[in-house]
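>>> sequence below, structure please.
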Amino acid sequence: MSSPAHLPPLSSGERAGRLRDLWPLSIETDREVWTVLLLASVGGLAIAFMVDWVHALVALLQTVLFGASIDSDGGDGIARWRLLVVPILGSLVLGSVLVFLERRKLLAITDPVEANALEGGRMSASQTLIFVGLSTISISIGGSVGFEAAMSQLGAGLLSVIGQRLGLPRRALRCLVACGTAAGIAAIFDAPLTGTIYALELVIGGYGVRALLPTLLAGATSGLVTHFLVGPQPIFQMPPMSQPELWHYVTAIGLAVAGSVVGIAVMRGATGFEALLARRKVPKLLRPLAGGICLGVLAFVAWQVIGPGHLVLQGIIRDLPAPGWLAVLLVAKIAASVVCVGSGFRGGLFSASLLIGGILGALAHVLVIAPIVGPSASPELSIAVGMTAVCASVIGTPVAILILAIETTGLHVGIVAVALGVVIASHLTRRWFGYSFSTWKFHLRGQDLSGPRDIGRLKELTFADAPLIDPPRLLGEERIRDVAQKRADWIAADGAMPEMMAVVTEQGVFVGFLRHDRLIEAAAETPDLPVAMIADHPKACARVDDPLSSQVEIAEAAFGGWFAVVDRDDRLVGFAPEAAVLRRYLSELKAADQDDTAPFPPPPR
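Numbers count the residues shown, from 1 in each chain. Prediction:
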């Protein structure tokens, strides 16, 4: 028997064939997969450094304005006049910038959710930089907003623009937007799994198979850099706790109900304050000033309302304040977040909702749990349940918030109680309110978006993409007798006739439908009338550039199961069977879902 050493060497074609058998991907799909994975990994690294640079810039600006970096050092040593004056004067600067950008039509910014829902993952570099700049100003002057919105915008915009430059397809761009979002959130909280699940839930709209690996890779590489830049400890580290008891679960249910109420109040309050300023006809230049005045007064009483509040939440976990002060902080932080977001400060409510919920949980512990259970009851689990319940209510990504609790607090023992609070708060918010903060904003702007599902792809589908047939065309002035004879000649020649004919003018303008039974009936009764007299006129015609979605929803535009498709001059292009239009629409819907959820298919053999 010959040994393998004596076998003839494989040719290059045979080696390539064996490699294709090991990895059965087409060249085009292979290139797309590797490009997305490469951009996700390198982009995650770059985004983490960018987030760190923005943090450093904000710390420098706060040091100049307040005399200290509030997010890093706290505000105990800051002169009280600065806490009042800086937000007021800073809001004037912010208002001026907003008016300048609006006059140049640069303020309409597409966020990652909207980009994936309507724009096929296409984002703008200029819009991204503008939003990051506005958020930097807002946080530097003490705005009660977080870095999350700006950093997810930065990551998503960066990868989307690179993907567009490389000519990647729609599904790849949507995936890259999710990757950038994951990297940004992972860098903010040093929580790569949170960033991954957050991006899948909020930006993809589900745990898509195509997006899972690159999104996780982006979150992991971003988290790796953040781990070395910031440190290995969770940002809200909690001490070890004993096994949870029955009262922990009862507490979780109560805090979930309270958290959903507080979350809804924050969302309604922010948009309500914005509506109030509009009703009072406050000039747009001065609207941020209204928020800045309120913020300055609140900060004069409690500096803890300024900024995202990570340092404040860490302090509450380490040393529980008195119940009276907790109540003041809760009201002040809610009010500060409402007036900042409602008056035009740019940033997210992610971090603010964590702090509000943490204060709520701490307050519930000192007022209810400790008096009932006794001094042995530890407050950590109540704080964790409160912060995640309010955050899940506002942000609307329950699984991501649950993972956040594990990654940012180090809490593992009581995670079932935390999960109970997150799920109940999320369910009650959807049941009572119906929106998260991102979808609520879309609703107020008149956009019917319930999430990032790729409805933009469906809206781009027009009647030019539908199967059209060219029906027999009859001039409207022809006599019914002559048309009936034509029909008989067509049947004799072809043996069949379409069930619907078109009546048009000499210029090809569509007049109406003509059914065969109507023609036969009229030929016997009124053969000398023009055929236009017996044509059926539809209530509406579909233009060739009309979206299929609009006609699918308007059944009266069809007549007898047919759409008449015309051009801009009302000249007939063709007939579209209603059933075929619906099938085309549903096939595109299925294809959009498969782009998010299906694995990459192997090539045909």
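>>> now do the domain split for this protein, please.
22-230, 246-454, 459-591 (automatic domain parsing).
>>> what secondary structure does the residue most central in space within the chain sit in?
In the chain, the centroid-proximal residue (C-alpha atoms, centre = their mean) is residue 113; its distance is 1.9 Å. Per DSSP: H, G, I helix; E, B strand; the rest coil, the local secondary structure of residue 113 is helix.
>>> what's the closest of the domains of the chain to residue 240?
The closest of the domains of the chain to residue 240 is domain 246-454. By C-beta to C-beta, the value is 7.5 Å. All C-beta spots, glycine's among them, are computed from the backbone N, C-alpha and C.
>>> now the domains of the chain as a markdown table including mean pLDDT and distance to residue 237?
Converted to a markdown table, those look like this (pLDDT from 0 to 100; distance: least, C-beta to C-beta, whole Å):
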| stretch | mean pLDDT | distance to residue 237 |
| --- | --- | --- |
| domain 22-230 | 91 | 11 |
| domain 246-454 | 90 | 5 |
| domain 459-591 | 78 | 46 |
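>>> which parts of stretch 331-338 are buried?
Residues of stretch 331-338 classed as buried: 332, 333, 334, 335, 336, 337, 338 (neighbour count, 16 or more other C-beta atoms under 10 Å).
>>> give me the phi and psi angles of the fourth one.
In other words, residue 335. The phi/psi pair for residue 335 (degrees, to the nearest 10) reads phi -60, psi -40.
>>> next one: the one 10 residues further on
Here is the backbone geometry of residue 345 (degrees, to the nearest 10): phi -60, psi 140.
>>> before we move on, what about residue 67?
phi 90, psi 0.
>>> now do residue 542
phi -90, psi 130.
>>> show me where the stretch 251-400 of the chain has its strands.
Assigned by DSSP state E, counting those that start in this stretch, the stretch 251-400 of the chain shows no strands.
>>> three-state assignment of residue 234?
Per three-state DSSP, the secondary structure class of residue 234 is coil.
>>> pLDDT wise, what is it at?
With respect to pLDDT, residue 234 has a value of 85.
>>> hmm, residue 190 and it touching each other?
Yes - when contacts are counted by C-beta atoms under 8 Å, residue 234 is listed as touching residue 190 (7.4 Å).
>>> what residues are shared contacts of these two?
Common contacts of residue 234 and residue 190 (C-beta atoms under 8 Å, 6 or more residues apart in numbering): 407, 408.
>>> compare these two and say which is more crowded by neighbours.
Neighbour totals were compared for residue 234 and residue 190, and residue 190 leads with 24 against 17 (other C-beta atoms under 10 Å).
>>> the residue nearest to that one when sequence neighbours are not counted: neighbour count?
What sits nearest to residue 190 in space, not counting adjacent residues and going by C-beta to C-beta, 6 or more residues apart in numbering, is residue 226, at 4.7 Å. Residue 226: 25 surrounding residues under other C-beta under 10 Å.
>>> in which helix or strand does residue 226 reside?
helix 209-230 (DSSP states H and E).
>>> tell me which residues of that helix are tucked away?
Of the residues in helix 209-230, 210-212, 214-226 count as buried by neighbour count, 16+ other C-beta under 10 Å.
>>> ok, now how distant is the residue nearest to the centre of the chain from residue 567?
In this view, residue 113 and residue 567 are 36 Å apart by C-beta to C-beta, to the nearest Å.
>>> is it correct that residue 471 falls within a strand?
No - applying three-state DSSP, one finds residue 471 to be coil, outside a strand.
>>> what's the burial count for it?
Quick note: residue 471 (other C-beta under 10 Å) scores 20 neighbours.
>>> thinking it is in contact with residue 503, fair?
No - with contact defined as C-beta under 8 Å, residue 471 and residue 503 do not form a contacting pair (10.0 Å).
>>> tell me the contacts of the closest residue to residue 301 other than its chain neighbours?
Nearest in space to residue 301, with sequence neighbours left out and distances taken as C-beta to C-beta, 6+ apart, is residue 332 at 6.5 Å. Residues in contact with residue 332 (C-beta under 8 Å, 6+ apart) are 298, 301, 302, 304, 305.
>>> sorry, back to before: which one of the domains of the chain lies nearest to residue 238?
Closest to residue 238 of these is domain 246-454 (C-beta to C-beta; 4.4 Å).
>>> just how off-centre is the closest one within its chain?
Between the centre of domain 246-454 and the centre of its chain there are 20 Å (C-alpha atoms, centre = their mean, to the nearest Å).
>>> thought residue 473 was touching residue 506?
No - the pair residue 473 / residue 506 is not scored as a contact, 10.8 Å apart, by C-beta under 8 Å.
>>> neighbour-wise, which of those two wins?
In terms of neighbours (other C-beta under 10 Å), residue 473 is the more surrounded of residue 473 and residue 506; the figures are 12 against 8.
>>> roughly how far does the more buried one sit from residue 514?
Applying C-beta to C-beta, the value for residue 473 to residue 514 is 10 Å.
>>> ok, residue 178 next?
In terms of C-beta to C-beta, residue 178 sits 52 Å off from residue 514.
>>> compare the two (neighbour count), which wins?
Of the pair residue 178 and residue 514, residue 178 is the one with more neighbours under other C-beta under 10 Å, namely 38 against 24.
>>> in the buried residues of stretch 331-338, find the pair that's most separated.
With C-beta to C-beta as the measure, no two of the buried residues of stretch 331-338 lie farther apart than 332 and 338, at 10.8 Å.
>>> what do these two both touch?
Counting by C-beta under 8 Å, 6+ apart, nothing touches both residue 332 and residue 338.
>>> so how far is the longest helix along the chain from its chain's centroid?
Among the segments of the chain that qualify as a helix by DSSP state H, the longest is helix 27-66. Relative to its parent chain, helix 27-66 has a centroid offset of 19 Å by C-alpha atoms, centre = their mean.
>>> buried set for that helix?
32-33, 35-37, 39-41, 43-44, 46-48, 50-51, 54-55, 58-59, 61-62, 65-66.
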